[in-house]
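Peer 1: Predicted model follows, preceded by the sequence.
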Amino acid sequence: MMRTFFRFLAVCGLTLTLLSIAAAAEFEGILIDKACSASAVKGGEKAALAHTRDCALMPNCVKSGYGIYMNEKFIPFDAAGNKKALAALKASTKPDNLRVQVSGEQTGNLIKVQSLKLL
């Protein structure tokens, strides 16, 4: 009886692990703050690539949060993603062309960020 119970727990644990891995997706695009996202959406990829690191680190831009510009739209990050984006921007020396790779789960119009890396 106990062996059956432990096997059941092991199978449940494995299933949950696989589901969490399957739920994570990879996104590639351009890191931009929410305050400047409308300009990027209107101006397209060229405008998003021209957005500067210095602008993204301005107090109002930091306060607005971050997201990814891809496929002609902006998708914001969750609070954890905003912290990861800010840390990546502070660590970077790139002036612009802030291409990013994000791993996470998109829920509605929000990405729950697991990892973020500037390319």
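Peer 2: Thanks, I have it.
Peer 1: Where does pLDDT dip in the chain?
Peer 2: 1-23 (pLDDT under 70).
Peer 1: For it, just list every one of the helices.
Peer 2: Secondary structure of the chain by DSSP state H: the helices cover 2-23, 34-50, 53-56, 59-64, 79-91.
Peer 1: and the shortest one, what does it pack onto?
Peer 2: Under the contact criterion of 3 or more C-beta pairs under 8 Å, 6 or more residues apart in numbering; DSSP states H and E, the helices and strands touching helix 53-56 comprise strand 25-33. The C-beta positions use only the backbone N, C-alpha and C, and glycine is treated the same way.
Peer 1: can you list the residues that contact the strand it packs on?
Peer 2: Residues from elsewhere that reach strand 25-33, judged by C-beta atoms under 8 Å, 6 or more residues apart in numbering: 40, 45, 48-49, 51, 55-56, 61-62, 64-71, 74-75, 85, 88-89, 97-106, 111, 116, 118-119.
Peer 1: What strands flank that strand, and is each parallel or antiparallel?
Peer 2: Paired with strand 25-33 in the same sheet, following DSSP bridges, are strand 66-70 (antiparallel), strand 99-106 (antiparallel).
Peer 1: partners of the closest residue to Ala56 other than its chain neighbours in the sheet?
Peer 2: Leaving out its chain neighbours, the residue that sits closest to Ala56 by C-beta to C-beta, 6 or more residues apart in numbering is Asp33, at 5.0 Å. Beta-bridge partners for Asp33, by DSSP bridges, are Tyr66.
Peer 1: Quick one: residues contacting Ser64.
Peer 2: Ser64 neighbours (C-beta under 8 Å, 6+ apart): Asp33, Lys34, Ala35.
Peer 1: before we move on, back to that, quick one: the residue nearest to Ala56 and Ala24, what's the gap?
Peer 2: Plainly put, Asp33 is 24 Å away from Ala24 if you go by C-beta to C-beta, to the nearest Å.
Peer 1: thinking again about what came up before, just the buried ones from the contacts of strand 25-33?
Peer 2: With neighbours counted by 16 or more other C-beta atoms under 10 Å, those contain buried members at 40, 48-49, 51, 56, 61-62, 64-70, 74-75, 85, 88-89, 98, 100, 102, 104, 111, 116, 118.
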